[in-house]
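**Q** Quick one: sequence and predicted model below, then my questions.
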Amino acid sequence: MHGAISDHPLIADLDTTDPLLGQTLDAFEALLGDLEAAVPERIAGKQTEFRRTRDEQGLLNLRTEIAMGAKLSRSGIAFDFGRPGEPSPDLHLRDRNFAIEVTAKTPSGVPHLYDELEAALRNLSRASVHLRFTDFPIRMQQVDRTRLIENIVPVAVRAAATGAGGVTEITFDDSRNPGPITVAADVLPVPALGMYGLPITMESTGPLLGPTMTALEKEVLAILDDPRKRRQGLSMPAVLLIDLARLGNAWLRPLDEWAARLAQSLPQDCPYVAIAVTIADLHQVDIPLGVAMRPTATEAERRRVKCMIDHLSERSTMPTTLLG
């Protein structure tokens with residue numbers, strides 16, 4: 001697996017001389033090296049999964065799992081990958097009867113819009129787009145993303161050809177958000193925007209974050225209703241790690257606050273000993289953690305989680321918060 005990230009089909013056609021992409025690939029390579037240094041059992045199956053991943057979301061989900069495995073490796077915590085063909089969490093802490101199940105929550109929405117719009121503008125190097133949402137949607141259906149892109153492309157073509165930009169907008173409904181959302185696209189005749197020179201930037205102009213954050217909490221807690229996730233959690237004592245990086249504007253809430261909110265909201269029958277959240281930065285090797293204990297966790301379970309967190313914190317450059 002190590003040394004193969006730039007050869008992956010999803011990466012091979014990209015401009016690897018781009019500084020931001022270079023940072024992303026360097027971080028991924030470092031993670032793969034840390035992972036392999038742990039010599040986990042069943043790594044061959046993970047290598048096969050890595051090579052066979054053909055969509056960006058699948059690769060990002062796998063990256064979060066690799067990042068957590070690499071974090072364990074750097075902390076000296078021996079682990080193995082889960083057993084195929086049976087309910088089995090992703091990362092088994094060797095000799096501890098404890099595990100970590102990893103998931104990345106990404107409803108069909110703004111991350112997909114970004115990817116699709118980026119592809120639509122790929123041949124228009126002299127046009128950039130700034131998106132202004134009246135509320136950052138948790139979900140944005142394909143029909144609405146397509147409608148917006150179809151509005152933007154003709155304006156972008158004109159901007160690239162003549163230097164005359166423009167504005168276009170649509171309004172759509174997201175059942176998770178309170179009320180309709182309008183998104184305006186400012187199309188500009190320049191090759192890049194923002195601090196990092198991106199072709200697409202975005203912001204939420206809504207004055208209230210509370211309702212949206214409440215909806216985001218429901219999205220996170222809904223993972224516990226997934227039958228597969230419940231089976232994984234009930235198969236052995238485990239922590240569920242959720243990457244929130246591509247879940248709406250979840251990144252606006254600090255992880256310690258996420259942990260505090262979840263500690264108050266976890267159901268009594270939560271199948272996991274604890275829920276951990278992270279917001280993984282693709283340019284960084286380490287990941288921060290916010291951890292909320294299940295309200296019915298035993299004292300032995302609490303000690304087990306705290307012991308793992310203490311070991312992780314000793315070798316981590318990122319903060320970890322344990323609540324509950």
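**A** Thanks, I have it.

**Q** Now the spatially most distant residue from the centre of the chain: closest residue in space, sequence neighbours ignored.
**A** Most distant residue from the mean C-alpha position of the chain: Thr162, 37.9 Å away (Cα atoms, centre = their mean). Nearest residue to Thr162, sequence neighbours excluded (Cβ to Cβ, 6 or more residues apart in numbering): Pro189, at 7.7 Å. Any C-beta I mention is one placed from the backbone N, CA and C, and that applies to glycine too.

**Q** thought the one you found was touching Gly163?
**A** Yes: at 4.5 Å, Pro189 and Gly163 qualify as touching, with contact defined as Cβ atoms under 8 Å.

**Q** Those two: which is more packed in?
**A** Pro189 (18 against 12; other Cβ atoms under 10 Å).

**Q** and that one, how far is that from Pro107?
**A** According to Cβ to Cβ, to the nearest Å, Pro189 stands 33 Å off from Pro107.

**Q** Report the buried residues of stretch 51-69.
**A** Going by neighbour count (16 or more other Cβ atoms under 10 Å), the buried part of stretch 51-69 is 53, 59-69.

**Q** Under the pLDDT cut-off, which ranges of the stretch 1-150 of the chain? List them.
**A** Residue ranges of the stretch 1-150 of the chain with pLDDT under 70: 1-21, 53-56.

**Q** try it again with 90
**A** Residues of the stretch 1-150 of the chain meeting the criterion pLDDT under 90: 1-36, 38-39, 43-63, 83-88, 95-97, 104-112, 115, 122-126, 134-139.

**Q** where along it do the strands fall?
**A** For the stretch 1-150 of the chain, the strands defined by DSSP state E, counting those that start in this stretch occupy 79-81, 91-93, 98-104, 128-133.

**Q** what distance separates the last one from the centre of its chain?
**A** Centre-to-centre, strand 128-133 and its host chain are 21 Å apart (Cα atoms, centre = their mean, to the nearest Å).

**Q** name the helices or strands packed onto that strand?
**A** In terms of contacts (3 or more Cβ pairs under 8 Å, 6 or more residues apart in numbering; DSSP states H and E), strand 128-133 is packed against helix 110-120, strand 181-188, strand 200-204.

**Q** again, only this time at 10 Å
**A** In terms of contacts (3 or more Cβ pairs under 10 Å, 6 or more residues apart in numbering; DSSP states H and E), strand 128-133 is packed against helix 110-120, helix 142-162, strand 166-172, strand 181-188, strand 200-204.

**Q** and these, which is most packed in?
**A** Most buried of the helices and strands packed on strand 128-133, by mean neighbour count (mean count of other Cβ atoms under 10 Å): strand 181-188, with a mean of 20.

**Q** Just the angle for it relative to helix 142-162, thanks.
**A** Interaxial angle, strand 181-188 versus helix 142-162 (axes from the mean of the first three to the mean of the last three Cα atoms, to 10 degrees): 20 degrees.

**Q** Please name the strands paired to strand 181-188 in the sheet, noting orientation.
**A** Note on strand 181-188: by DSSP bridges, its sheet partners are strand 128-133 (antiparallel), strand 166-172 (antiparallel).

**Q** burial count for the residue nearest to Asp256 when sequence neighbours are not counted?
**A** On the basis of Cβ to Cβ, 6+ apart, the spatially nearest residue to Asp256 that is not a chain neighbour turns out to be Thr321, at 4.1 Å. The number of residues packed near Thr321 is 19, by other Cβ under 10 Å.

**Q** Thr321: which element?
**A** Secondary structure from DSSP states H and E places Thr321 in strand 320-323.

**Q** contacts for that strand?
**A** Strand 320-323 is contacted from outside by 71, 254-264, 274, 276-278, 287-293, 302, 305-306, 308-310, 312-313, using Cβ atoms under 10 Å, 6 or more residues apart in numbering.

**Q** looking at it, the residue nearest to Thr162 is touching Val129, isn't it?
**A** No: the pair Pro189 and Val129 fails to qualify as a contact (Cβ atoms under 10 Å) at a distance of 11.1 Å.

**Q** which neighbours do those two share?
**A** Common neighbours of Pro189 and Val129 (Cβ under 10 Å, 6+ apart) are 156, 159, 165.

**Q** quick check, nearest of those residues to Arg176?
**A** Ala156 (29.0 Å; Cβ to Cβ).

**Q** The closest one reaches Pro189, doesn't it?
**A** Yes: with contact defined as Cβ under 10 Å, Ala156 reaches Pro189; the gap is 9.0 Å.

**Q** so what's in contact with these two at the same time?
**A** 124, 126-128, 165-166.

**Q** Would you mind putting those residues into a markdown table with distance to Arg231 alongside?
**A** A markdown table is the format used below for those (distance: Cβ to Cβ, whole Å):
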| residue | distance to Arg231 |
| --- | --- |
| Leu124 | 47 |
| Arg126 | 52 |
| Ala127 | 48 |
| Ser128 | 46 |
| Gly165 | 52 |
| Gly166 | 51 |
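
**Q** do you know how far the nearest residue to Pro40 once chain neighbours are set aside is from Pro271?
**A** The shortest distance from Pro40 to any non-neighbouring residue, by Cβ to Cβ, 6+ apart, is to Asp80 (4.7 Å). Using Cβ to Cβ, we find Asp80 at a distance of 21 Å from Pro271.
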